[in-house]
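Can you look at this prediction? I've put the sequence above it.
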Amino acid sequence: MYDLRLVKTAKDAESAGRLAREARWLRELADVRSLEGQLPRLIEEGVDAAGWPYLVLGVPPGSAETRAFTSEHARFLATLGKARFRAADFEHADACQWIQRSLPENAPLLQEAYDDCERALLYWNGPYVLSQGDFAPWNIRRFGEQLFVFDWGSAHTDASPLDDVLHYLMIQRRLKTVRLLRKAMSRAHEFALAAYPEWSWRPPVIGALTIVYLLGVILHRGVDRADPVVGAYWRLLEKRSIWMKEN
């Protein structure tokens, strides 16, 4: 299957960190049999003549990209989530603690949105999982009935199980409207019910975990409202009283 070799080389400290994270996750997930054939194979890692790290990855030849969120996407994320999984109260999850540490003092909207989220999840215990971190159509190819997922430099544990679903449905659209967000939340709700049926997925929980996703993207991208994604997600947080109520 791995007929091609892809070479990825870092050019700065940030990309070097992403390559190191990608190599670590590809090594760990290579032992997860349920994901076999769906991730790049780590063939070699080293340092080039300029002193920058590189990876050599085995990947399959080109195939079709799809924009729809299909049953194969849901199956892949459910399998990935169970590969690194734990149940916890929201306040003990890394996602919660990272947001708390990252909230800037001069952005009251973000703090208010986080407070709404924390209140909604105060008595909720749920699953936290491994997230691919940039689960988007441009990082995914379809091979028959199976997906192949590239780019693991943003992967992280203890994520909300809705993050990758919401990201896939939202990040590919230029206009992040309330209508689009509500459709994405509905699809994420369906996913959660099917993948993790033992937990409660009441509408307030879905709404709060949607805030977790929006805040996570904004904070990771640097809270720069000139960034089109940050600006769009910021406006969605401003309108959260509408979509949280109507969810």
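Yep, that arrived. Numbering: from 1, shown residues only.

Over to residue 58: give its phi and psi.
phi -90, psi 130 (degrees, to the nearest 10).

does it really touch residue 4, like I thought?
Yes. With contacts counted by CB atoms under 8 Å, residue 58 reaches residue 4, the gap being 7.4 Å. To be clear about C-beta, it is placed using only N, CA and C from the backbone, and glycine gets the same treatment.

neighbour count winner among those two?
residue 58 (16 against 11; other CB atoms under 10 Å).

Quick one: residues contacting the more buried one.
Neighbouring residues of residue 58 by CB atoms under 8 Å, 6 or more residues apart in numbering: 2, 4-6, 40-43.

Please report the distance of it from residue 99.
Counting by CB to CB, to the nearest Å, the gap from residue 58 to residue 99 is 36 Å.

What of residue 71?
31 Å.

So between those two, which is more surrounded?
residue 99 (21 against 9).

Contact partners for the closest residue to that one other than its chain neighbours?
Excluding the flanking residues, the one nearest residue 99 by CB to CB, 6 or more residues apart in numbering is residue 215, at 5.5 Å. Listed by CB under 8 Å, 6+ apart, the contact set of residue 215 reads 99, 103, 110, 113-114, 117, 237.

got TSV for the contacts of residue 58, with secondary structure and distance to residue 179 too?
TSV is the format used below for the contacts of residue 58 (DSSP: H, G, I helix; E, B strand; the rest coil; distance: CB to CB, whole Å):
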residue	secondary structure	distance to residue 179
2	coil	41
4	strand	40
5	strand	43
6	strand	38
40	coil	36
41	strand	41
42	strand	41
43	strand	45
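
Any of those residues buried? List them.
40, 42 (16 or more other CB atoms under 10 Å).

Would you point out the most distant pair within the contacts of residue 58?
4 and 42 (14.2 Å; CB to CB).

Relative to residue 177, how far out is residue 216?
The value you get for residue 216 to residue 177, if CB to CB is used, is 20 Å.

With neighbour numbers in mind, choose between those two.
residue 216 (23 against 14).

so where's this structure shaky on pLDDT?
1-2, 62, 174-175, 246-247 (pLDDT under 70).

show me where it has helices.
13-29, 71-83, 94-102, 108-120, 163-171, 178-195, 203-220, 228-238, 240-246 (DSSP state H).

Export the ones you listed as TSV, with columns for distance to residue 126.
Shown next, in TSV, are these (distance: least, CB to CB, whole Å):
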stretch	distance to residue 126
helix 13-29	23
helix 71-83	12
helix 94-102	11
helix 108-120	12
helix 163-171	13
helix 178-195	9
helix 203-220	7
helix 228-238	21
helix 240-246	17
